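[1] structure of the sequence below:
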Amino acid sequence: QVQLVESGGGLVQAGNSLRLSCVFSGRTFSTYVMGWFRQAPGKEREFVGAITWGAGSSTYYADSVKDRFAISRDNAKNTVFLQMNTLKPEDTAVYYCAASSRRVLGDTPAEYDYWGQGTQVTVSS
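    Purely as a prediction, here's the structure:
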């Protein structure tokens, strides 16, 4: 059974940066597409970005975070990262990592098989 554990969330001022980590266990990490989603209070879970399996040569981002956020993976450490720069108050949400066995960079929650418990990110103005 796949388990995902996020860390790195916290309170940060607007304009600053945070890096989230997600540790994967239970299967072969390198064979999974990894995604990041977020959910703000009263809103639906929304796609942030995703990275391909293997070496992670391709990434895909939501327009709202493109050019500010970057996803990377370290297969030796079974970990995927979300580097968040120039944070804005509207980035405040619980951030979730997710794993998909499908060979596509999915941008909907239904395309992902496993989820972490989430980590809170709060950006103050």
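[2] give the buried residues for stretch 8-23.
    Neighbour-count burial for stretch 8-23 flags 8-9, 12, 18, 20-23 (criterion: 16 or more other Cβ atoms under 10 Å). Heads up, the C-betas are built off the backbone N, CA and C, glycines and all.
[3] pick out whichever of these sits closest to Lys88.
    The shortest approach to Lys88 among the buried residues of stretch 8-23 belongs to Val12, at 10.6 Å (Cβ to Cβ).
[4] my read: that closest one touches Leu87, true?
    Yes. Under the criterion of Cβ atoms under 8 Å, Val12 makes contact with Leu87 at 5.8 Å.
[5] what is in contact with those two at once?
    Common neighbours of Val12 and Leu87 (criterion: Cβ atoms under 8 Å, 6 or more residues apart in numbering): 18, 121, 123.
[6] what about the strands in this structure?
    In the chain, strands defined by DSSP state E lie at 3-7, 10-13, 18-25, 33-39, 46-51, 59-61, 69-74, 79-84, 93-100, 114-115, 119-124, listed in chain order.
[7] with distance to Gly106 added, can I get these in a markdown table?
    Listed next are these as a markdown table, based on distance: least, Cβ to Cβ, whole Å:
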| stretch | distance to Gly106 |
| --- | --- |
| strand 3-7 | 15 |
| strand 10-13 | 28 |
| strand 18-25 | 16 |
| strand 33-39 | 7 |
| strand 46-51 | 7 |
| strand 59-61 | 9 |
| strand 69-74 | 13 |
| strand 79-84 | 14 |
| strand 93-100 | 6 |
| strand 114-115 | 13 |
| strand 119-124 | 21 |
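[8] relative to Thr108, which of those strands is closest?
    Of the strands of the chain, nearest to Thr108 by Cβ to Cβ is strand 46-51, at 6.8 Å.
[9] adjacent strands (with direction) for that closest one?
    Paired strands of strand 46-51, with direction, are strand 33-39 (antiparallel), strand 59-61 (antiparallel) (DSSP bridges).
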